[in-house]
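> Provided below for reference: sequence and predicted model.
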Amino acid sequence: MTDRILDFLRTRRPDGPCLVVDLDVVRDNYLGFTRAMPDTRVFYAVKANPAPEILALLEELGSNFDCASVVEIDQVLATGASPQRISFGNTIKKERDIARAYSLGVDLFAVDSIAEVDKVARAAPGARVFCRILCDGEGAEWPLSRKFGCEPSMALDVLSHARLAGLTPYGISFHVGSQQRDTEAWDRALAVSAEIFRTLAERGIELKMVNLGGGFAAKYLKDIPSAETYGRDIMGAVRRHFGNRIPETIIEPGRGMVGGAGVIKAEVVLISTKSAAEETRWVYLDIGKFGGLAETMEEAIRYPIRTPRDGDQATPCILAGPTCDSADVLYEKAPYPLPISLEIGDEILIEGTGAYTTTYSSAGFNGFPPLQSYVI
Ligand SMILES: *Cc1c(COP(=O)(O)O)cnc(C)c1O
């Protein structure tokens, strides 16, 4: 929460739920990462929030960009950034999208299978590829499971195959899971990465880069490590596992770059109970899972919520969205304490919502418009 956001909401009084992002916080976060990890290049994970103002600011600050699609690549190029500052980091790409990215000048691609290497070799001859390895995501609040990456033994085959297919085997990547508050998670992945570097070196393949991924936390309710702590622990692990052969490193923060820069303003639509005997209140907002709060799935991300009546006595509430879908409940297994004095029509503020909200909001489910966003 910043004064600029509060001022904006007070003076502009936007109607309906909306996200307000403070660019000053994004700038501070970017500079925080570069200060904490001066020898590491930042590739902002565009999917976290592709607002043109955010991309333009990061372009100006010198950031690079991790893109997952041709549309995201176009959004980054529209800022004037050169294609050398872009990594096509999705391991699941159509061959024609690889060709399109390559024709735009993108030369760095993620792979995690031989079939994907073959696509890149045909559509982007000679390009640099890095292989993503599996990470268990243990300790992360939004783990990325087994969808991306391959076992280390397969990474050896994937990168060896890349060499045979005329590509440049460039490095290893991993993602320790999003909202990863345990810096030790990088240590485990770096141990595996260093082993792959050594084995491939014996086969004559000299990898150059370790992509340390995202996972840097945004502040919700629990404490999080500072950028300095992430930097110290992660770079310590790099030195421990790579000794005096330190590779080029990059990070791909999404949530940690923009999550804390945004606040959603929402409104209480209804407060009710299910029977006269029942004490637990249901509080329905004008925003829910389909309006941008998709990361409340399984109640994974628990946002700080501010009400105009904070300080009054609070009791646990079930918090739900406005749509006619029974899945549109935000917090029920772990109910959310809200003031007893809360009233229908009250405006509330949901903090830490700068990442993974606008991009997740549906276009017109039940007639609700996509989440409005203001970048100030
Ligand atoms: C989503 C994503 C990120 C960003 O992750 P955060 O946890 O939000 O920092 C980074 N890299 C890749 C490849 C991603 O898919």
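Yep, that arrived.
> which parts of the stretch 1-150 of the chain sit against the ligand?
Contact residues, the stretch 1-150 of the chain versus the ligand (C-beta under 6 Å from any ligand atom): 45, 47-48, 66, 89. Every C-beta, even on glycine, is put in place using the N, C-alpha and C of the backbone.
> again, only this time at 8 Å
Contact residues, the stretch 1-150 of the chain versus the ligand (C-beta under 8 Å from any ligand atom): 43, 45, 47-48, 66, 68, 89-90, 110, 132, 140, 142, 144, 148.
> Out of those, which one has the weakest pLDDT?
Looking at these, model confidence by pLDDT dips furthest at Leu144: 74.
> quick one: what helix or strand has that one in it?
Leu144 is part of no helix or strand, with elements assigned from DSSP states H and E.
> Make residue 1 into 222 and carry on from there
Got it, first residue is 222 now, which makes that one Leu365.
> ok, back up a step: now list the buried members of the residues of the stretch 222-371 of the chain next to the ligand.
For these, a neighbour count by 16 or more other C-beta atoms under 10 Å gives the buried set as 264, 266, 268-269, 287, 289, 310-311, 331, 353, 361, 363, 365, 369.
> Name the nearest of the residues you listed relative to the ligand.
For those, the residue nearest the ligand by C-beta to the nearest ligand atom is Ala266; the value is 3.4 Å.
> who's in contact with the closest residue to that closest one other than its chain neighbours?
Using C-beta to C-beta, 6 or more residues apart in numbering and skipping residues adjacent in sequence, the residue nearest Ala266 is Gly475, 3.2 Å away. Neighbour list for Gly475: 265-270, 287, 399, 435, 576-577 [criterion: C-beta atoms under 8 Å, 6 or more residues apart in numbering].
> What is the nearest of those to Ile445?
Ile445 lies nearest to Ser399 out of the contacts of Gly475, by C-beta to C-beta, at 12.4 Å.
> so how far is Ile561 from that closest one?
With distances taken as C-beta to C-beta, to the nearest Å, Ser399 is found 34 Å from Ile561.
> try Ile313
Distance, Ile313 to Ile561, by C-beta to C-beta: 48 Å.
> what do you get for Ile455?
Separation of Ile455 from Ile561 (C-beta to C-beta) stands at 44 Å.
> Same check on Val504?
For Val504, the distance to Ile561 - C-beta to C-beta - is 11 Å.
> Looking at the residues of the stretch 222-371 of the chain next to the ligand, spot the one nearest Thr528.
Relative to Thr528, the closest of these is Trp363; by C-beta to C-beta it sits at 25.3 Å.
> Now, the buried ones among the residues of the stretch 222-371 of the chain next to the ligand that are in strands?
264, 266, 287, 331, 353, 361, 363 (DSSP state E).
> can you put these in a markdown table and add distance to Leu491?
Below are those laid out as a markdown table (distance: C-beta to C-beta, whole Å):
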| residue | distance to Leu491 |
| --- | --- |
| Phe264 | 43 |
| Ala266 | 36 |
| Asp287 | 40 |
| Ala331 | 45 |
| Arg353 | 45 |
| Ala361 | 34 |
| Trp363 | 29 |
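> Look up the closest residue to Arg306, ignoring the ones flanking it.
Spatial nearest neighbour of Arg306, excluding adjacent residues (C-beta to C-beta, 6+ apart): Asn285 at 4.3 Å.
> Can you spell out which residues form a bridge with the one you found?
Phe264 (DSSP bridges).
> residues contacting the residue in the chain positioned nearest to the ligand?
Relative to the ligand, the nearest point of the chain is Gly435 (2.3 Å; C-beta to the nearest ligand atom). Taking C-beta under 8 Å, 6+ apart, we find Gly435 in contact with 266, 396, 399, 472-477.
> again, 7 Å this time
266, 396, 399, 473-476 (C-beta atoms under 7 Å, 6 or more residues apart in numbering).
> could those residues go into TSV alongside secondary structure?
Below are the contacts of Gly435 laid out as TSV (DSSP: H, G, I helix; E, B strand; the rest coil):
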residue	secondary structure
Ala266	strand
His396	coil
Ser399	strand
Glu473	coil
Pro474	coil
Gly475	coil
Arg476	helix
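> Give me the buried entries from those.
By neighbour count, with 16+ other C-beta under 10 Å, the contacts of Gly435 hold 266, 396, 399, 473-476 as buried.
> Using CSV, write out every CA atom in stretch 222-240.
Output in CSV follows, covering the C-alpha atoms of stretch 222-240 (Å, rounded to 0.1, in the frame of the first residue of the first chain):
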residue,chain,number,x,y,z
MET,A,222,0.0,0.0,0.0
THR,A,223,1.4,3.4,-0.9
ASP,A,224,0.2,7.0,-0.4
ARG,A,225,0.1,7.4,-4.2
ILE,A,226,-2.4,4.5,-4.6
LEU,A,227,-4.5,5.8,-1.7
ASP,A,228,-4.5,9.3,-3.2
PHE,A,229,-5.4,8.0,-6.6
LEU,A,230,-8.4,6.0,-5.2
ARG,A,231,-9.5,9.0,-3.1
THR,A,232,-9.4,11.5,-6.0
ARG,A,233,-10.4,9.4,-9.0
ARG,A,234,-13.0,7.3,-7.2
PRO,A,235,-13.1,4.6,-9.9
ASP,A,236,-16.3,2.7,-10.0
GLY,A,237,-16.2,-1.1,-9.8
PRO,A,238,-13.3,-3.4,-8.8
CYS,A,239,-10.0,-2.2,-10.0
LEU,A,240,-6.2,-2.8,-9.7
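> Any buried residues in that stretch, and which?
Neighbour-count burial for stretch 222-240 flags 226, 229-230, 238-240 (criterion: 16+ other C-beta under 10 Å).
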